[in-house]
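In: when you get a sec, could you give me coordinates for this:
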Amino acid sequence: MELTFNGRHLDIGDALRSHMEDKLTDINEKYFNRAVAATVTLGKESSAFFKAHISMQGGKNLLVQGTAEDTDPYAAFDKAADKVAKQFRRYKTRLRDHHDRMDQTPETEMLKANDYTLASELFEQFSESEPVNDDQQDDDRYVPKEPTIVAELQTSIQTMTPSEAVMRMDLSEECAVMFVNSKTNTLNMVYKRSDGNIGWVDPSEQLSAVAE
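Out: Predicted coordinates:
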């Protein structure tokens, strides 16, 4: 497993680096043993707190992440590592089955897509937008400015079941996951709702109705 350590406003010494290497290696061997890479970002957030973020890559777009803060850098890392270990432990059996199936899926069967990162100024578009023309000065209709693209990556949209998509969203600490539903072969999305529940968008029935 390839390990990368990044310090933000913090010099990661040999003792701390060794501690993190040992813990991540132990987690991988105990719960998964298939992680190909892990990245730790540890930094000083303020005069009192350190923030640790761990990202472990386990094959084809399988990402497990954990973030934590503490007044001690060792404790911040340990808390984040415990979150990662808890996720691996929770999905231990399902991860093996899921990983085996994904590894058997040819790259040609995966839906390719562009993954754009937009600047946060996108959220300020409506307050800064311009009227469409002089005749619409008093209207609420505005033309939003084009968002600034900060980064662009190539990614693959995986074919899986809704429950697998929820698992991957939970493991990665993301707010949403787009996937190809293995049953309907249509694009679906699961997402975390503001009420704490999970939302699932499935257009397959509507598409079937249109086809008929």
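
In: which residue ranges of the protein form helices?
Out: Secondary structure of the chain by DSSP state H: the helices cover 14-27, 73-90, 92-103, 125-128, 162-172, 204-211.

In: which stretch among those helices comes nearest V64?
Out: V64 lies closest to helix 162-172 among the helices of the chain, at 4.6 Å (CB to CB). Every residue, glycine included, has its C-beta placed from N, CA and C.

In: just the angle between the closest one and helix 73-90, please?
Out: 170 degrees (axes from the mean of the first three to the mean of the last three CA atoms, to 10 degrees).

In: could you chop this structure up by domain?
Out: 2-100, 115-153, 158-212 (automatic domain parsing).

In: could I get these in JSON lines, plus columns for mean pLDDT and mean neighbour count?
Out: What follows is the domains of the chain, written out as JSON lines (pLDDT from 0 to 100; neighbours: other CB atoms under 10 Å):
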{"stretch": "domain 2-100", "mean pLDDT": "88", "mean neighbour count": "17"}
{"stretch": "domain 115-153", "mean pLDDT": "60", "mean neighbour count": "11"}
{"stretch": "domain 158-212", "mean pLDDT": "85", "mean neighbour count": "15"}
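
In: now the helices of the chain in a markdown table, with distance to M1?
Out: A markdown table is the format used below for these (distance: least, CB to CB, whole Å):
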| stretch | distance to M1 |
| --- | --- |
| helix 14-27 | 7 |
| helix 73-90 | 13 |
| helix 92-103 | 15 |
| helix 125-128 | 42 |
| helix 162-172 | 17 |
| helix 204-211 | 38 |
